[in-house]
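> need a 3D model of the sequence below.
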Amino acid sequence: MASAMAAKAAKSIAKAVGEYQYPWREKLAKHKDELAKGVWGYWELGAWKPLAISARRRARLRKEVLLAGADWEYDPERKEMRTKRKGHKVDRLAAEKRERTAELMEAMPQMLADYRKRRWERKMKAEDDAAKKALQE
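Numbering: from 1, shown residues only. Presented below is the predicted three-dimensional model:
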C-alpha cells in the first residue's frame, strides 16, 4: 500500500515537473521584442547594440520552443545554396575554353564560307577598280 502511494506520488510529481520543466512560453513572451530585433544585434542611432539575451540563452530558448513543436520565426532567411563548385581557376578556365572551342568548331563551316565570300567580293571590287582606272587612262 505504501509503495502504491509512493508510485502515485512520483507520477504526480513527474507530471507536474514535466509540464513545467520548460516554461518557454513565459520566456518567449518576455524576450519577444528583443528576439525580433535580429539574431546577433541591431543598429540603433549609428551604434551597434548586442541583444539583451545572450546567444546561449537564445539557443536554449529556440531549442525548447522547437522541441515543444511550436514555430520559431526569429531565424534569419537562409541564403541560396552555392551551385558553383570550388576548385582551381586554371581548371575552370580550361573547361570554359574547351566549351568555347567546341562552339566555334560547330560554326566553322559558316565562318569559312563568309570569309571566302568577303575575299571574293574584295577581289571583284579590286578588278572593277582596276578596269575603271584602265578605261580612264
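> what are the ranges of the strands in this protein?
41-44, 47-50 (DSSP state E).
> for residue 71, which of these is the nearest?
strand 41-44 (22.0 Å; C-beta to C-beta). Heads up, the C-betas are built off the backbone N, CA and C, glycines and all.
> other residues contacting that closest one?
By C-beta atoms under 8 Å, 6 or more residues apart in numbering, the residues outside strand 41-44 that reach it are 48, 49, 50, 51.
> residues near the third one, how many?
What that stands for is residue 50. Using other C-beta atoms under 10 Å, residue 50 has 11 other residues around it.
> let me know the pLDDT of residue 74.
Here, the pLDDT recorded for residue 74 equals 82.
> those helices in the protein, which residues are they?
For the chain, applying DSSP state H gives helices covering 2-20, 24-35, 55-67, 89-136.
> show me the shaky parts of the protein.
Applying pLDDT under 70 to the chain flags residues 1-3, 5-6, 9-22.
> buried set for stretch 68-85?
residue 74 (16 or more other C-beta atoms under 10 Å).
> now it, how far from the chain's geometric center?
10 Å (C-alpha atoms, centre = their mean, to the nearest Å).
> residues in contact with that stretch?
When contacts are defined by C-beta under 8 Å, 6+ apart, stretch 68-85 is touched by residues 22, 24, 35, 36, 38, 39, 62, 65, 66.
> the second one contacts residue 62, doesn't it?
What that stands for is residue 24. No - at 9.2 Å, residue 24 does not count as touching residue 62 under the criterion of C-beta atoms under 8 Å.
> quickly list the domain ranges of this structure.
Domain ranges of the chain: 12-67, 88-137, per automatic domain parsing.
> highest mean neighbour count out of those domains?
domain 12-67 (a mean of 12; mean count of other C-beta atoms under 10 Å).
> circling back to that earlier point, export the contacts of strand 41-44 to a markdown table and tack on distance to residue 110?
Formatted as a markdown table, the contacts of strand 41-44 follow (distance: C-beta to C-beta, whole Å):
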| residue | distance to residue 110 |
| --- | --- |
| 48 | 61 |
| 49 | 65 |
| 50 | 64 |
| 51 | 64 |
